[in-house]
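Trainee: Next one to model:
(chains A and B)
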Amino acid sequence: MFTSVNIFKNQRTGPRRILLPWLLLGIFMIISASATAANTPIAPTATYTDTHGQTVSTATLKGHASMVWLLSTWCRSCSAGLSSLNAHVDQLRASGLHVVILRTYQNGGVTGPDIASFVAQNAPALTKANVSLGEATQGLGRDYNPRHYPDIYYLIDANGQIRTVDTAPSITLNKILDFAKAHAGESRP
Amino acid sequence: MTIIFRALRRAARDRVARWSAIVAFLIFAPVYAIALPAALTGGHLGWVNLRFLSVETALFALAMSLSLGLTVLLMVFVLREGQRARGTLATGGALLGLLAPLLCCSPILPILFGLMASVWPAMATALPGPLQGFISRHETIFLLTALLLMLLALYQNARRAMQGPSCRVG
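Mentor: From the prediction side, this is the model:
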């Protein structure tokens, strides 16, 4: 009698309690996978503050194939992404892709290094490419990063059309390089 | 510590428990080797993550899969002895070890915050950044806590295993 009660307890407390957290984890994965859908075909015009304190409009990107990358300087996928770009700086420079790297508005509410020192630390060679650094304004954050992702980038063609929205250049570098190659020479004065 | 070794030796004589442990280790080792570098891949999970495996994360992956494998060994043995196995701490540790690298830099938390804001408008001003930043900065502590929970689960089940059979199954 005593042992059968014990065995019954094992059955009751076993699979269901263990499976539920794994089920929740599965739901998280699905959310993650569906998180990078593009939502607008035309890149909105917004402003950012460059490292010299000047206000720059994204309208200046028109006529150039560009990558606009919003990152947070506490984010580890961002530092890994910078290292990946750094390793392919020659390809980026040869393609003429204009890379705009902006720290998210107020760094996502977290203190951290400024964009210039973060890039210098993780991608020292990147300055050889056609790179602009800056801080996103609240308006740019609202237009380009309404969900407050710590790491999101846009690939925008010379006509201002958004071709790709994705995260983590560390693993999506091929998309960036393919875009850069396909749109090389698209820039016009 | 001695009780764990004695329990493991005893449990390893059980063929079913031994094979369960081997299968669990073979499942958990690649899962952790892929999941732990996810902080560097924006939460993406795939074989490509192995490229981002550092010595530190490889050691964590090995330690976690080994302790989970050994916990499975003891749990299966304890169950076959007709006793009640303890799985809560092991599950908690296993999930914490997986979630910490997944949540820090991926879109998961921002999307969850957005969903919550649609249900509770008061959440609309809440930023996911501080929480993600906290997880990112303290990831090693989260992983150590996860490992500690797994080792506690191992100890709990070792004590059960040394209590002797209530009713031998099989």
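Trainee: Distance of the residue nearest the centre of chain B relative to A:Pro41?
Mentor: Central residue of chain B (CA atoms, centre = their mean): B:Ala94, 1.5 Å from the mean position. As judged by CB to CB, to the nearest Å, B:Ala94 and A:Pro41 stand 42 Å apart. C-beta here means a position set from N, CA and C on the backbone, and glycine is covered the same way.
Trainee: and the longest helix along chain B, what other elements does it pack with?
Mentor: The residue-count maximum for a helix in chain B (DSSP state H) belongs to helix B:55-80. Using 3 or more CB pairs under 8 Å, 6 or more residues apart in numbering or on different chains; DSSP states H and E, the elements in contact with helix B:55-80 are helix B:2-12, helix B:15-35, helix B:88-104, helix B:139-161.
Trainee: Pull out the buried residues from that helix.
Mentor: Within helix B:55-80, the residues that count as buried by 16 or more other CB atoms under 10 Å in any protein chain shown are B:57, B:60-61, B:63-80.
Trainee: Pull the distance from stretch B:117-129 to the chain's centre.
Mentor: In terms of CA atoms, centre = their mean, to the nearest Å, the centre of stretch B:117-129 is found 30 Å from the chain centre.
Trainee: ditto for stretch A:63-80
Mentor: So, by CA atoms, centre = their mean, the centroid of stretch A:63-80 is 5 Å from its chain's centroid.
Trainee: do the same with stretch B:82-90
Mentor: On CA atoms, centre = their mean, the centre of stretch B:82-90 falls 15 Å from the chain's centre.
Trainee: buried stuff in it?
Mentor: Those would be B:82-87, B:89-90, for stretch B:82-90 by 16+ other CB under 10 Å.
Trainee: and those residues near chain A, which?
Mentor: B:82-85, B:87 (CB under 8 Å from any CB of the partner chain).
Trainee: Where does pLDDT dip in chain B?
Mentor: B:165-170 (pLDDT under 70).
Trainee: and A:Pro124, how many neighbours?
Mentor: If you count neighbours by other CB atoms under 10 Å in any protein chain shown, A:Pro124 ends up with 12.
Trainee: Skipping its backbone neighbours, what lies nearest it in space?
Mentor: Leaving aside its chain neighbours, A:Pro124 sits nearest to A:Asn86 (7.0 Å; criterion: CB to CB, 6 or more residues apart in numbering or on different chains).
Trainee: what helix or strand does that neighbour sit in?
Mentor: helix A:76-87 (DSSP states H and E).
Trainee: That helix packs against which elements?
Mentor: Helix A:76-87 sits against strand A:66-71, helix A:115-122, strand A:151-156, helix A:169-182, with contacts defined as 3+ CB pairs under 8 Å, 6+ apart.
Trainee: Rebuild the ones you listed as a markdown table, extending it with mean neighbour count and mean pLDDT.
Mentor: As requested, the helices and strands packed on helix A:76-87 are exported to a markdown table (neighbours: other CB atoms under 10 Å in any protein chain shown; pLDDT from 0 to 100):
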| stretch | mean neighbour count | mean pLDDT |
| --- | --- | --- |
| strand A:66-71 | 26 | 96 |
| helix A:115-122 | 18 | 96 |
| strand A:151-156 | 26 | 96 |
| helix A:169-182 | 19 | 94 |
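Trainee: quick one on the thing from earlier: among the helices and strands packed on helix B:55-80, which is the most enclosed?
Mentor: Among the helices and strands packed on helix B:55-80, helix B:88-104 has the highest mean neighbour count (mean count of other CB atoms under 10 Å in any protein chain shown), at a mean of 22.
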